[in-house]
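**Q** what shape does this take:
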Amino acid sequence: MELRDINLDAIKNSSVLVVGDAMLDRYWFGDASRISPEAPVPVVKVTRSEDRLGGAANVARNAASLKARTSLLAIIGEDEAGNKIMDLLEECSVRPCLYRVAGFTTTLKLRILARHQQMLRTDFESEIAPSALEQHSNRFSSLLPDHDVVILSDYGKGGLDRIKHMIAEGRAFGRTILVDPKGSDYSRYANTTAITPNRNELAQVVGQWNSEEDLMNRAQNLRQELNVEKILLTRSEEGMTLFDDNGAWSVPARAREVFDVSGAGDTVISVLGVMLAAGYDWHTAVKIANKAGGIVVGKVGTATVTPEELFPNL
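**A** Sure thing, here's the model as predicted:
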């Protein structure tokens with residue numbers, strides 16, 4: 001299918017449920033022109049700050065940027081970062097399905113940048129109580145009927161500790177379940193529709209490959225072992241490769257200039273989910289997700305793409 005044949009109304013009528021680890025990305029921008037007298041580190045004079053949705057919240061933001069009906073199911077704290085996430089979700093038209101837990105620290109990543117270079121990152125986070133996870137799981141069940149595609153965005157912060165149950169329930173309900181994986185234990189993602197690892201993430205699980213044929217064998221063996229329909233491997237400057245029952249199918253990279261890769265995986269899986277929810281086939285969805293990834297790495301920090309950027313001729 002050609003991009004000129006894309007139906008924007010179908011995208012607007014699609015519905016996506018994003019579940020996972022929501023976080024706040026905070027950026028402090030400034031200049032670094034001297035070294036601290038206290039330690040051999042640069043002194044950054046902060047001139048402005050910016051807050052953006054991160055993790056699963058950024059996935060939801062990306063889906064909503066394409067005008068798809070988007071919900072976010074996540075756990076946040078009763079703190080300043082949690083308040084900011086709520087405000088930002090409202091601004092980008094994401095339906096918040098959030099549990100606010102007293103004593104829980106909303107995950108916050110603070111990045112300090114000088115002259116477009118990241119100088120430091122500090123993280124604030126805490127563990128999620130089992131009682132909150134139980135409520136989280138029950139809410140997931142109630143949201144399934146209202147959404148076409150489910151995206152499980154795993155950042156290893158505990159929000160998807162019951163992911164096996166979610167996959168089983170979602171698949172039993174007939175939903176397409178996409179997982180952005182984390183860590184080296186992929187058994188937790190068994191029986192899902194598709195996983196979308198990048199090169200480093202896949203190598204942690206199957207080992208480093210030495211040829212395309214070797215990669216094909218390793219990826220297909222993993223797919224069969226996990227009983228997943230598809231693996232979409234994002235390969236940075238090498239584009240993407242889709243592994244399924246038909247073999248391997250690749251699309252070349254679309255980035256003209258790589259400025260910042262943070263959040264690129266969020267964009268890819270969100271656009272993929274939206275296009276599948278809108279009724280498009282996998283090859284079309286992958287092509288458009290690949291184009292979106294190429295656009296977003298040319299922007300600073302966690303960013304989104306718009307329908308105008310993806311489909312400029314519509």
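**Q** the helices in the stretch 151-300 of the chain, which residues?
**A** Secondary structure of the stretch 151-300 of the chain (DSSP state H, counting those that start in this stretch): helices located at 163-172, 199-206, 212-226, 264-277, 282-296.
**Q** for the residue located most distally from the centre of the chain, which three-state class applies?
**A** Relative to the centre of the chain, and counting by Cα atoms, centre = their mean, the farthest-placed residue is Pro37 at 40.3 Å. Using DSSP: H, G, I helix; E, B strand; the rest coil, the three-state assignment for Pro37 comes out as coil.
**Q** this protein: strands as residue ranges?
**A** Counting by DSSP state E, the chain has strands at residues 15-20, 22-35, 42-55, 69-77, 95-101, 107-114, 117-124, 149-153, 176-180, 194-195, 230-234, 240-244, 247-251.
**Q** can you put these in TSV and add mean neighbour count, distance to Ile269 and mean pLDDT?
**A** Every residue, glycine included, has its C-beta placed from N, CA and C. Output for the strands of the chain, formatted as TSV (neighbours: other Cβ atoms under 10 Å; distance: least, Cβ to Cβ, whole Å; pLDDT from 0 to 100):
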stretch	mean neighbour count	distance to Ile269	mean pLDDT
strand 15-20	28	9	97
strand 22-35	19	15	94
strand 42-55	17	12	94
strand 69-77	25	13	96
strand 95-101	18	18	93
strand 107-114	21	19	96
strand 117-124	12	22	94
strand 149-153	28	6	97
strand 176-180	25	5	97
strand 194-195	26	9	98
strand 230-234	22	8	96
strand 240-244	21	11	96
strand 247-251	14	15	94
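**Q** including distance to Ile288, could the ones you listed go into JSON lines?
**A** Formatted as JSON lines, the strands of the chain follow (distance: least, Cβ to Cβ, whole Å):
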{"stretch": "strand 15-20", "distance to Ile288": "14"}
{"stretch": "strand 22-35", "distance to Ile288": "25"}
{"stretch": "strand 42-55", "distance to Ile288": "22"}
{"stretch": "strand 69-77", "distance to Ile288": "17"}
{"stretch": "strand 95-101", "distance to Ile288": "23"}
{"stretch": "strand 107-114", "distance to Ile288": "28"}
{"stretch": "strand 117-124", "distance to Ile288": "29"}
{"stretch": "strand 149-153", "distance to Ile288": "14"}
{"stretch": "strand 176-180", "distance to Ile288": "14"}
{"stretch": "strand 194-195", "distance to Ile288": "15"}
{"stretch": "strand 230-234", "distance to Ile288": "13"}
{"stretch": "strand 240-244", "distance to Ile288": "11"}
{"stretch": "strand 247-251", "distance to Ile288": "10"}
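**Q** which of these sits closest to Met86?
**A** Taking Cβ to Cβ, strand 95-101 is the member of these nearest to Met86, at 6.2 Å.
**Q** identify the residues contacting Tyr189.
**A** Ile163, Ile167, Val179, Pro181, Ile195, Leu226, Val228 (Cβ atoms under 8 Å, 6 or more residues apart in numbering).
**Q** go again using 7 Å as the cut-off
**A** Applying Cβ atoms under 7 Å, 6 or more residues apart in numbering, we find Tyr189 in contact with Val179, Pro181, Ile195, Leu226, Val228.
**Q** a markdown table please, covering those and showing distance to His147.
**A** Output for the contacts of Tyr189, formatted as a markdown table (distance: Cβ to Cβ, whole Å):
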| residue | distance to His147 |
| --- | --- |
| Val179 | 15 |
| Pro181 | 21 |
| Ile195 | 19 |
| Leu226 | 23 |
| Val228 | 20 |
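**Q** wait, Asp161 sits on Glu134?
**A** No: between Asp161 and Glu134 there is no contact under Cβ atoms under 7 Å: 10.5 Å.
**Q** more neighbours: which of these two?
**A** Asp161 (16 against 11; other Cβ atoms under 10 Å).
**Q** the closest residue to that one other than its chain neighbours - how many residues pack around it?
**A** Distances taken as Cβ to Cβ, 6 or more residues apart in numbering place Leu133 nearest to Asp161, at 5.7 Å, with adjacent residues excluded. When neighbours are defined as other Cβ under 10 Å, Leu133 has 18 of them.
**Q** verify the contact between Leu133 and Arg162 for me.
**A** Yes: between Leu133 and Arg162 there is a contact under Cβ under 7 Å: 5.9 Å.
**Q** any idea how far Ser211 is from Thr234?
**A** Going from Ser211 to Thr234 by Cβ to Cβ, to the nearest Å gives 19 Å.
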